[in-house]
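Novice: Below: sequence and its predicted model.
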Amino acid sequence: MKYSLTLAALSLVSASPLSDIQSSSTDSLGRTITCITPESQVANRILASKPPPPSTSANKTLSTSNAPCPRGTVPRLQPNYVSSRHNSLLGRAERVAQGEAQHAGATTFAGVSNHGGGGTFFAIEPRMPANSAGTSVLQMALSHAAGTGNHRQQTVEAGITMMPLQFPVPIFFTYFTTAAHASDADGIGGYNGDQQGWVQVDDDVYPGIEVDAIKMDDEISINYVLFQGNWWLWAQDRYIGYYPGSLFGGSLSSGAEQISLFGEVFNRGGVSTGIPMGTGVVPTPSQNEQEPTCNKAAHIRNAFYIDAQDERLDFDGAPIVNDQPQLYGVETHFKSPTQWKSYICVGGGGGGDN
């Protein structure tokens, strides 16, 4: 069943994204960036239409003076499966499916139908040893229960991750699953452009890019919006690409049932202590509700969701999730009177010396 679903999805979604390489370059981390024509990523060579920009999009704009690809092409990180087998990010699907990843954050009620959402994320850079097998994440996820078994949940996700064994700096990532994180494969699930599914349209900002390249004042605006059946990802000041609705077989493509904002930590060998979440600082209650602060912990501020009528609403999450309250903390401030409106604070050292 898994493979027939994969083939059906791919026939509707994409051609091989690396079959039309026009040129290539190397980023500062030594990774290969392939430059392809954007139309080559979809089978009918017709890209989906972009949504209008969010009403509260950033006034600042990113510099595009160092675009990695020639005009008329878009960048995709070339997967390196040989080295990736040994990093913890590739194993996240298994860790999540087995309940071995640790979370702290907030989620809407499962019954809240929505067409997207997001917020402004603090650009985390937790202190982790270069040889750490752990991974620390600050992210959002939109999900839909699509059925039972391996197909019981579908999600689109995005955020910031630190994984020292693969990269020495935080990176911006995307992820999708059509099979409840059961596996990563073409049309089934995967990170960034590692598997077929993601369609890149921006010529400068791409999944896997270093956080330092796109952050503004140590923050990144991240949100998804469902538009004409496709899940478009907004990163800082632009839409950078989308997950086609045909990946999701009429479930997530019609809307999400839940939106979650959270920190996450996991280890490629299973759960262990000592992995910092967020900045590594446990959030403490604010002493002044008129002044937004997370007291040096990581935050996701101005959190919102888009309801089924496409109205933007302040995030009002429940319940609060904290798998390891002795190691990590979460503070929520929904519909606050501050300029941050709805925001959450997450973090903790995980029992390590951070």
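Specialist: Yep, it's here.

Novice: Quick one: neighbours of the closest residue to Thr284 other than its chain neighbours, just the number.
Specialist: Once flanking residues are discounted, Thr284 sits nearest to Asn295: 5.0 Å by C-beta to C-beta, 6 or more residues apart in numbering. C-beta: built from backbone N, CA, C; applies to glycine. Residues lying near Asn295 (other C-beta atoms under 10 Å) number 15.

Novice: quick one: secondary structure of Asn295?
Specialist: Look at Asn295: counting by DSSP: H, G, I helix; E, B strand; the rest coil, its state is coil.

Novice: Pretty sure Gln236 sits against Asp217.
Specialist: No - between Gln236 and Asp217 there is no contact under C-beta atoms under 8 Å: 11.0 Å.

Novice: Please say which of these two ends up with more neighbours.
Specialist: Under the criterion of other C-beta under 10 Å, the comparison of Gln236 against Asp217 puts Gln236 first, with 21 against 8.

Novice: any idea how far Arg152 is from the more buried one?
Specialist: According to C-beta to C-beta, to the nearest Å, Gln236 stands 33 Å off from Arg152.

Novice: do the same with Ala303
Specialist: 26 Å.

Novice: what do you get for Cys69?
Specialist: According to C-beta to C-beta, Cys69 and Arg152 sit 38 Å apart.

Novice: Show me the strands in the stretch 151-300 of the chain, by range?
Specialist: For the stretch 151-300 of the chain, the strands defined by DSSP state E, counting those that start in this stretch cover 154-162, 171-177, 189-191, 199-200, 219-227, 230-235, 238-243, 258-267, 298-307.

Novice: now these as TSV including mean neighbour count?
Specialist: Converted to TSV, those look like this (neighbours: other C-beta atoms under 10 Å):
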stretch	mean neighbour count
strand 154-162	25
strand 171-177	26
strand 189-191	23
strand 199-200	24
strand 219-227	24
strand 230-235	24
strand 238-243	24
strand 258-267	26
strand 298-307	25
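
Novice: Can you add mean pLDDT and distance to Gly348 and give those strands back as CSV?
Specialist: Formatted as CSV, the strands of the stretch 151-300 of the chain follow (pLDDT from 0 to 100; distance: least, C-beta to C-beta, whole Å):
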stretch, mean pLDDT, distance to Gly348
strand 154-162, 95, 14
strand 171-177, 95, 21
strand 189-191, 91, 25
strand 199-200, 98, 35
strand 219-227, 97, 20
strand 230-235, 98, 27
strand 238-243, 98, 31
strand 258-267, 88, 8
strand 298-307, 95, 10
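
Novice: Please name whichever of the ones you listed is nearest to Glu291.
Specialist: For the strands of the stretch 151-300 of the chain, proximity to Glu291 was assessed by C-beta to C-beta; strand 298-307 is nearest, at 12.7 Å.

Novice: neighbouring contacts of the helix or strand just after that closest one?
Specialist: Proceeding C-terminally, strand 298-307 gives way to strand 312-314 as the next helix or strand, assigned by DSSP states H and E. Contacts with strand 312-314, where a contact means C-beta atoms under 8 Å, 6 or more residues apart in numbering, come from 54-55, 303-307, 334-335, 341-342.

Novice: List the pairing partners of strand 312-314 within its sheet, with orientation.
Specialist: Strand 312-314 pairs in its sheet with strand 298-307 (antiparallel), by DSSP bridges.

Novice: what is the orientation angle of the partner strand with strand 219-227?
Specialist: Using axes from the mean of the first three to the mean of the last three C-alpha atoms, to 10 degrees, the inter-axis angle of strand 298-307 relative to strand 219-227 is 20 degrees.
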